[in-house]
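Asker: pasted the sequence and its predicted model underneath.
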Amino acid sequence: MSAQIILAKTAGFCFGVDRAVGKVYELAESGVKVCTLGPIIHNANVVADLEKKGVFICCSPDQAPTDGVLIIRSHGVPQSVYDEIERLGLRCEDCTCPFVAKIHQIAAERSRRGDVLLIAGDPEHPEVVGITGFCTGEHYVFSTPAQLEALITAHQLEQRPVSMCSQTTYHVGNWQQAKEIAACRCQKLEIFDTVCGATSSRQQEAEELSQRCDLMVVVGDRHSSNTAKLREVCEKNCRTILLETAQEMLQQDILCAKIIGVTAGASTPARIIKEVLHTMSELLNDVQGEEFSFEKALEESLKPVYIGQRVKGVITSVAPNEVTVDIGTKHTGFIPLSELTSDSTVSSCDQLVAKDEEINVIVMRVNDQEGTALLSKKRYDAIEGFDKIMKAEEEGTVLEGVVTDVIKGGVLVTVHGVKVFVPASLATLRRGEDLQALKGQQVEFKIIETNERRARAIGSIKAVLVEKNKAIAEAFWNSVEIGKVYSGVVKSLTSYGAFIDLGGVDGMAHISELSWKRIKHPSEVVKVGDTVEVYIKDIDFENKKISLGYKKEADNPWNIFQANYHVGDEVKATIVSITSFGAFARIIDGVDGLIHISQISNERVEKVADVLKVGDVVDCKITEADIDRKRVSLSMRALLENQPRAEHSSRSMEDAVVYSTEDSDFEG
């Protein structure tokens, strides 16, 4: 059985190296005299190939030809070298990796601020030499977490302002330990995660791959820092060999391995990786099949990225304002917080995503020179969301979203990351309802129109409400009956009654059904928005009309009066009105009795107003009560003892029995 060979997706040139090497080849092939300030990369094969094309190496700017181009390699150089190049007036092509240039900026700014700068890396490495060359204040380089501990103690950095960064190719595991140590010991610390995303991804993939394999092959120059770190990572998990060329493969025993993993440093050209894979394939006697798969794997890692492309990536790092994503190409993808979400309440990327999560994004901008790609999850979600919206329109599906904005002419509802416009006329069941009440609410709606070219959609909340109400109304009419009690909401008031929503069907409670007392307007009893309990008084199935009752028999003042008062009882009553024949006095709310002029006093009373006035509280006796006719007669005179009887009005006692002033058919 042939061994399985797995090529790491991140193997080979990173974009910084690729850009620098590509620029040198481009200039060399154009006939320009080219000189690199130190080896362009730590790879003897590439350097030797460039020498054949006339590219030579100089150690300082003063060795560079004045009629050629001096190349600054991806590792970068100290500020003093830039100053020297400018002083000499040399033509220069700066191929410093953008990630390294960012560290230069951090070093300069933090030094000016007065911070002590701690740099994780190899002090002899050109990149670290370049970084320290931008430090204008106190700074220290450490290679291991143990050295960091010693530095903090030796220089008493616990209470001093400290900034810490790293070489881009620093060991990821050691960097994590260093961050933990510094955070624990330094009280005024700011950490900058400057390990390159490509380096981090490459080391992480090598770690995972080496755990699955019997043998790991690391391809790269022995002087390359990142290649050495890859070897160090892999050796912890399985047997590991480092190769600079395919020829070295012939000296290795690989036949006993069942699963072989292959990775390569950032300064290893695809050509050398391919040669190693081809040689390995021949040794394993599986040339054609494996060679084809190797070609395919390399092509995958070098595939182009274009604007508008939808890709799936893996998050390699999360900062408060930016997420770095491995999209499986030589480009490093990044998502600013503003392109991660449209939710303005989110203040940090780590509220939404975490390292190692898979994420779907769309490519917004590509910078081949810097090897970066601006990505957007927010816009990916919007595009995917709009596809779902168009499908919902086609199928008539009911969607659910949140009303995020109330604007002129309607509201905006967010669903699947897309804002759908709902016109005011389609936002509520009835015209004129307050749209502001919808803001922040979860609503159901249907899509009624889309414009794919402009990514616009129009929805209708009303369409869903109408459908729901139709079903509710049908169920209501099938079950309604006289006397049935419902809980409803007062929707509107008129001079003659209140319209009450019973849940999809409106009924009307006439003003006379709202209270046992005489009222002038329904607003004296209920107001719009009140939840009330009503009962069915009458049903017109043909015209779909419902008459409602609101006042309850238990509240009927005549029932209360009958239960608590009897003829002969002495009561206190309040004078509420005066007529020529007597005075009406309120016994309880809703029940008034008449004190006939003849029953006011033992003496003759010519004019009621001479004796009583509205508001007086008088003692009287109930002399007659006709509940059916709602009439009560009262007498003050009956309580006047040992008083001479005066002449009385010739009116009969029949006239003295009078009903409540609440009755509307009284003729004075």
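Answerer: Structure received.
Asker: tell me which helix or strand K491 sits in.
Answerer: With secondary structure defined by DSSP states H and E, K491 is part of strand 485-494.
Asker: which parts of the stretch 1-150 of the chain are strands?
Answerer: Ranges of strands in the stretch 1-150 of the chain, per DSSP state E, counting those that start in this stretch, are 4-7, 34-37, 56-58, 69-72, 92-94, 116-120, 139-142.
Asker: how much space between the closest residue to D94 other than its chain neighbours and V17?
Answerer: Closest residue to D94 in three dimensions, ignoring its sequence neighbours and counting by Cβ to Cβ, 6 or more residues apart in numbering: I72, at 4.8 Å. Any C-beta I mention is one placed from the backbone N, CA and C, and that applies to glycine too. With distances taken as Cβ to Cβ, to the nearest Å, I72 is found 13 Å from V17.
Asker: who has more neighbours out of those two?
Answerer: Higher neighbour count among I72 and V17: V17, with 30 against 22, using other Cβ atoms under 10 Å.
Asker: surely the more buried one touches S74?
Answerer: Yes - assessed by Cβ atoms under 8 Å, V17 is found in contact with S74 at 5.4 Å.
Asker: which residues do the two both contact?
Answerer: Common neighbours of V17 and S74, counting by Cβ atoms under 8 Å, 6 or more residues apart in numbering, are 41, 97.
Asker: where in this protein is the helix or strand with the lowest mean pLDDT?
Answerer: Taking all helices and strands of the chain together, the one with the lowest average confidence (mean pLDDT, DSSP states H and E) is helix 653-656, at a mean of 43.
Asker: list the contacts for T341?
Answerer: Counting by Cβ under 8 Å, 6+ apart, T341 touches 352, 377-378.
Asker: secondary structure element holding G568?
Answerer: Here G568 is covered by no helix or strand, with elements defined by DSSP H and E.
Asker: tally of neighbours for it?
Answerer: Residues near G568, counting by other Cβ under 10 Å, number 10.
Asker: surely it is in contact with K621?
Answerer: Yes - the pair G568 and K621 passes the contact test of Cβ under 8 Å, sitting 6.7 Å apart.
Asker: check the gap between E93 and R73 for me.
Answerer: Summarising the geometry, the distance separating E93 from R73, computed by Cβ to Cβ, is 10 Å.
Asker: between these two, which has more neighbouring residues?
Answerer: Counted by other Cβ under 10 Å, E93 and R73 do not tie: R73 has more neighbours, with 27 against 16.
Asker: quick one: residues contacting the more buried one.
Answerer: Neighbouring residues of R73 by Cβ under 8 Å, 6+ apart: 20, 36-41, 95-96, 126.
Asker: how much space between the residue nearest to D94 and L88?
Answerer: 14 Å.
Asker: then V233?
Answerer: For V233, the distance to L88 (Cβ to Cβ) stands at 42 Å.
Asker: of those two, who's got more company?
Answerer: For V233 versus L88, neighbours defined as other Cβ under 10 Å are more numerous around V233 (25 against 13).
Asker: now do the contacts for that one.
Answerer: The neighbours of V233, taking Cβ under 8 Å, 6+ apart as the test, are 171, 173, 203, 206-207, 210.
Asker: so, low pLDDT: which residues of the protein?
Answerer: Along the chain, the model assigns pLDDT under 70 to residues 1-2, 15, 251-253, 255, 285-304, 369-370, 641-668.
Asker: show me how it divides into domains.
Answerer: The chain is divided into the following domains under automatic domain parsing: 15-94, 98-195, 198-301, 310-380, 396-465, 480-555, 557-656.
Asker: redo those as a markdown table? Include distance to A3.
Answerer: Putting the domains of the chain into a markdown table (distance: least, Cβ to Cβ, whole Å) gives the following:
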| stretch | distance to A3 |
| --- | --- |
| domain 15-94 | 26 |
| domain 98-195 | 28 |
| domain 198-301 | 5 |
| domain 310-380 | 25 |
| domain 396-465 | 46 |
| domain 480-555 | 72 |
| domain 557-656 | 99 |
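Asker: lovely, talk soon.
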